[in-house]
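**Q** with the input below, show me the fold.
(one chain, ligands or ions: 2)
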Amino acid sequence: MLKIAPSILSADFSRLGEEIRAVEAAGADLIHIDVMDGHFVPNLTIGPAVVASLRKVTKIPFDVHLMIESPERYIDAFAAAGSDIITVHVEASTHLHRIITAIKQKGKKAGVSLNPATPLSAVEQILPEVDLLLVMTVNPGFGGQKFIDGMIDKIRRARDLIRASNPAVMLEVDGGITLENIRAVQEAGTDIVVAGASVFGSKDYAKTIGEMKTLTKRAVT
Ligand code: DX5
Ligand code: ZN
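**A** Ligands and ions are numbered 1, 2, ... in the order given. This is a model prediction of the structure:
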């Protein structure tokens, strides 16, 4: 079944703990935490101290998406803060293999992410080493953007690559997911969808996540 990972980027930051408990109760499978440094992306969000505080309010897995330059500088801190999955961007990682190894040595699941314009070939070599591939379907930096047309085909090709190279890899898709496109995204081969504005911008989190699960229940991947 498709897993739903609400992104707290669109949550009420003055009540983050409550917001996480609310989406957990509403059926979220993971919590997606967007970390931005104002360099790799034109926005600043949260650091390891906030992740460590949030770790105290829930046991739900934390899916930490690092949109930062030179992520190797912060792997230890985000691992110690209680991340379960740590994902880095190939575009921001000079020594990607070393970074993936460092994440796994901390006992965490390691993910790699691709911007919309970055070809799948950029992860071909590292795929046998990773636990998760994150395909961005918006240009990272902000919540609430529109899903980029053409990414469905990239998701399909990512699934083909995973099948051929390392079937254990989870395929996650991030950006612009709505009730209108979630089924097509799943049918293209997605295991986990990130949903920010569509969940936290809705009045009833349980209704929205419930609809997402119903819409994707019978789809074949
Ligand atoms: C974008 C972030 C996403 C974002 C998704 O840079 O990586 O995780 O929060 O938000 P929505 O679902 O609103 O596009
Ligand atoms: Zn994200």
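
**Q** show me which residues of the protein sit near ligand 2.
**A** D34, H65, D174 (Cβ under 5 Å from the ion). Every residue, glycine included, has its C-beta placed from N, CA and C.

**Q** filter these down to the ones near ligand 1?
**A** Among those, proximity to ligand 1 is found for D34, H65, D174 (Cβ under 6 Å from any ligand atom).

**Q** from the residues of the chain next to ligand 2, which would you call buried?
**A** Applying 16 or more other Cβ atoms under 10 Å to those, the neighbour count classes D34, H65, D174 as buried.

**Q** can those residues go into TSV with extra columns for pLDDT and secondary structure?
**A** Formatted as TSV, these follow (pLDDT from 0 to 100; DSSP: H, G, I helix; E, B strand; the rest coil):
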residue	pLDDT	secondary structure
D34	98	strand
H65	99	strand
D174	99	strand
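
**Q** and which of those is nearest L133?
**A** Nearest to L133, judged by Cβ to Cβ, of those is D174 at 11.0 Å.

**Q** okay, and the beta partners of the nearest residue to the closest one once chain neighbours are set aside?
**A** Closest residue to D174 apart from its sequence neighbours, by Cβ to Cβ, 6 or more residues apart in numbering: V194 at 3.9 Å. Residues in a beta bridge with V194, per DSSP bridges, are A5, D174.

**Q** give me the number of residues near the closest residue to D37 other than its chain neighbours?
**A** Closest residue in space to D37, ignoring its immediate chain neighbours: I68 at 3.9 Å, by Cβ to Cβ, 6+ apart. Neighbourhood size, I68 [other Cβ atoms under 10 Å]: 22.

**Q** what does H39 give?
**A** Neighbour number of H39 under other Cβ under 10 Å is 12.

**Q** and for the one 5 residues further on?
**A** The burial metric for L44, expressed as a neighbour count using other Cβ under 10 Å, is 11.

**Q** how many residues are close by K59?
**A** 9.

**Q** one step back: want to throw the ones next to ligand 1 among the residues of the chain next to ligand 2 into CSV with distance to R163?
**A** Formatted as CSV, those follow (distance: Cβ to Cβ, whole Å):
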residue, distance to R163
D34, 28
H65, 24
D174, 21
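
**Q** so the residue nearest to D37 sits against V35, correct?
**A** Yes - the pair I68 / V35 is scored as a contact, 6.1 Å apart, by Cβ atoms under 8 Å.

**Q** quick one: the helices in the protein?
**A** For the chain, applying DSSP state H gives helices covering 16-25, 48-55, 75-80, 96-105, 121-124, 151-165, 182-187, 197-200, 205-216.

**Q** out of these, which one sits most buried?
**A** Highest mean neighbour count of these: helix 197-200, a mean of 23 (counted as mean count of other Cβ atoms under 10 Å).

**Q** what helices and strands are in contact with it?
**A** Applying 3 or more Cβ pairs under 8 Å, 6 or more residues apart in numbering; DSSP states H and E, one finds that helix 197-200 makes contact with strand 3-6, helix 16-25, helix 205-216.

**Q** near the closest residue to V51 other than its chain neighbours, how many other residues are there?
**A** Nearest residue to V51, sequence neighbours excluded (Cβ to Cβ, 6+ apart): A81, at 3.9 Å. Neighbour count of A81, defined by other Cβ under 10 Å: 20.
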